[in-house]
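# Sharing a model prediction with you, sequence too.
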Amino acid sequence: MLSLKKVIWALLSNVVDLMIGVGLLILVTRFYSTEDAGRWILFTTIFFLITRIREGVIQTALNKSGSGVDEQCRYDAMKLSFTVNTVLEFVISIIFLSIGLLGLGESINDFLLFYPLGAIPWAAYRWQVYAHLLQHQVEVIFRGNVLVFICLVISTLLVYRMELPVHYLVLVLSVSGSVGAIYGIGVIGIKKLWKSNYREEHIKVIKRYGGHGALRGFTGNITNRINVFLTAGLLTMTDTAIYGVAQKYIHLVLMPNSAIQSLLFPKFCEAANQGEHKLVKHMFENTVSSLMGMFVIVVVGAFFIAPIAVPIVNGPEYQRSIPLIMAILCMSAITAPFGNAFGSAINAIGKPEVNTWLLIVVSLVNVIATYVMISLFGLWGTILGPLVAELVSLIWTSVIMNRELNINYIRCFLMIPTSYQKVWNKASKAYVRSRQGNSSNTKN
């Protein structure tokens, strides 16, 4: 099971990770026009979509090859994943640079000319995050993210003070990513990594899971990000900025889900590799019910905080994003815990193709539904389209989980009160221990 200490470190790390994205967006919306903010959001949507696709190739294979094995085997798996990660990003960077040089990037062409400078260091930074997650070294990830955040803020302020155009912010990603990569890979051990070997069985694993991971990364993130592309294409850059702000706040609120799920996947892999499918079921149900119970409280709090926070942080022109935040949050509070846990569990038990086909179909439903809804309802279509796709996904994954691991989604909902009781019991025990400790200190 996940230790409380690791969960807390993961939460802190994700806080900083999201501060990187949200903090940069706040600076952009404050220092640049809504038109420039819309262009930045469109570019970063593409940038991070490509990042997730590349990470999809290596993440599952790295966990399958490196979980529950000796140190040398783990380092061999990490060396192969680092090599594949670097080569892929280099090829992708050449493609986007070529598009920029040919002038085919339209409103974001200037950003594409800087793409390799930001993408290659960022790829190395993101790789070391997964390498440390494999070893449950979340404290190292937290420290690295803090360094990246500090560099990001300083670099962004320099770009603004020098009155450089918005596309120079790509250099901010370059500097920040380089610092994070140097620190994280330094902790792993460059010499150890260099002396490790490529194993045939690891190559087979990355061949089996890499393609599915890339497709999963593409389809899963298209489901989340297609609204930005469609908003930019069917509406205006100002509408894109409004929706982009709402989406970033949702990422912030969903932070605990991301933190806990990132720790859960290696645990799923360890249990599945040992044939402990009942343990996978137990962890799935407990984690999902706990996350949904937590999101009930988060949703209630957001209804009071968002109307105050958004105008102060981003400016009064972004008030239109507040109802979007509320609607997306209500939907995500239910679907996000199930969606992430499903992907981790089904990959861990060795059936990545099931997850891949599910995401392909759901992504197609999302694209079609969102296009139709935006055409009919404007900006509100960015909510209604994904709602249709999420309902399809929830029903379909419930059937698959029941068949593969005997998991009943209704049971997860019924376990929510139990999750509150567990938290209360732990808090009560901690309070009693602290009182007993204070009492003994007083006597002494």
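Yes, it's here.
# Which residue, other than its chain neighbours, is closest to Val392?
Setting aside the residues directly before and after it, Val392 is nearest to Val365 in space (CB to CB, 6 or more residues apart in numbering), at 5.4 Å. The way it works is simple: take the backbone N, C-alpha and C, and place the C-beta from them, glycine included.
# And for the one you found, the neighbour number?
Neighbour count of Val365, defined by other CB atoms under 10 Å: 19.
# wouldn't it be in contact with Val388 here?
Yes - between Val365 and Val388 there is a contact under CB atoms under 8 Å: 6.5 Å.
# Low-confidence regions, the stretch 1-150 of the chain specifically.
1-23 (pLDDT under 70).
# can we see that at 90?
Across the stretch 1-150 of the chain, the ranges flagged by pLDDT under 90 are 1-81, 84-85, 100, 103-110, 118, 126, 128-150.
# Find me the pLDDT at the residue nearest to Val392, would you?
Reading off the confidence values, Val365 has pLDDT 89.
# Run through the residues that contact it.
Val388, Ala389, Val392 (CB atoms under 8 Å, 6 or more residues apart in numbering).
# now the residues you listed in TSV, with distance to Ile95 and neighbour count?
Compiled in TSV, the contacts of Val365 are given as follows (distance: CB to CB, whole Å; neighbours: other CB atoms under 10 Å):
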residue	distance to Ile95	neighbour count
Val388	33	17
Ala389	28	22
Val392	32	16
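# secondary structure class for the residue nearest to Val392?
Following DSSP: H, G, I helix; E, B strand; the rest coil, the label given to Val365 is helix.
# Distance-wise, check it relative to Leu171.
Distance of Val365 to Leu171, given as CB to CB, to the nearest Å: 38 Å.
# now do Phe268
To Leu171, Phe268 is 38 Å away according to CB to CB.
# Neighbour count: the two, which is higher?
Taking other CB under 10 Å, Phe268 and Leu171 do not tie; Phe268 has more neighbours (26 against 17).
# what's around the residue lying closest to that one once chain neighbours are set aside, how many residues?
Nearest in space to Phe268, with sequence neighbours left out and distances taken as CB to CB, 6+ apart, is Ala348 at 3.6 Å. Applying other CB under 10 Å, we find 27 residues neighbouring Ala348.
# Name the next helix or strand following the helix or strand harbouring Glu353 along the chain.
Element membership of Glu353, judged by DSSP states H and E, is helix 352-377. Following helix 352-377 in sequence order, the next helix or strand is helix 381-405 (DSSP H and E).
# Name the surrounding residues that touch that following helix.
Contacts for helix 381-405 (CB under 8 Å, 6+ apart): 223, 227, 230-231, 243, 277, 280-281, 284, 324, 327-328, 331, 334-335, 338-339, 342, 345-346, 349, 351, 354, 358, 361-363, 365-366, 369-375, 377, 407-409.
# the inter-axis angle of that helix versus helix 352-377?
160 degrees (axes from the mean of the first three to the mean of the last three CA atoms, to 10 degrees).
# Could I get the buried residue list for helix 381-405?
Residues of helix 381-405 classed as buried by neighbour count (16 or more other CB atoms under 10 Å): 381-390, 392-394, 397-398, 400-401, 404-405.
# At which residues are the helices of the stretch 151-300 of the chain located?
Ranges of helices within the stretch 151-300 of the chain are 170-188, 190-195, 200-234, 237-253, 255-273, 277-313, based on DSSP state H, counting those that start in this stretch.
# could I get the ones you listed as JSON lines with distance to Gly103 and mean pLDDT?
As requested, the helices of the stretch 151-300 of the chain are exported to JSON lines (distance: least, CB to CB, whole Å; pLDDT from 0 to 100):
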{"stretch": "helix 170-188", "distance to Gly103": "17", "mean pLDDT": "90"}
{"stretch": "helix 190-195", "distance to Gly103": "39", "mean pLDDT": "86"}
{"stretch": "helix 200-234", "distance to Gly103": "19", "mean pLDDT": "73"}
{"stretch": "helix 237-253", "distance to Gly103": "19", "mean pLDDT": "78"}
{"stretch": "helix 255-273", "distance to Gly103": "37", "mean pLDDT": "73"}
{"stretch": "helix 277-313", "distance to Gly103": "36", "mean pLDDT": "84"}
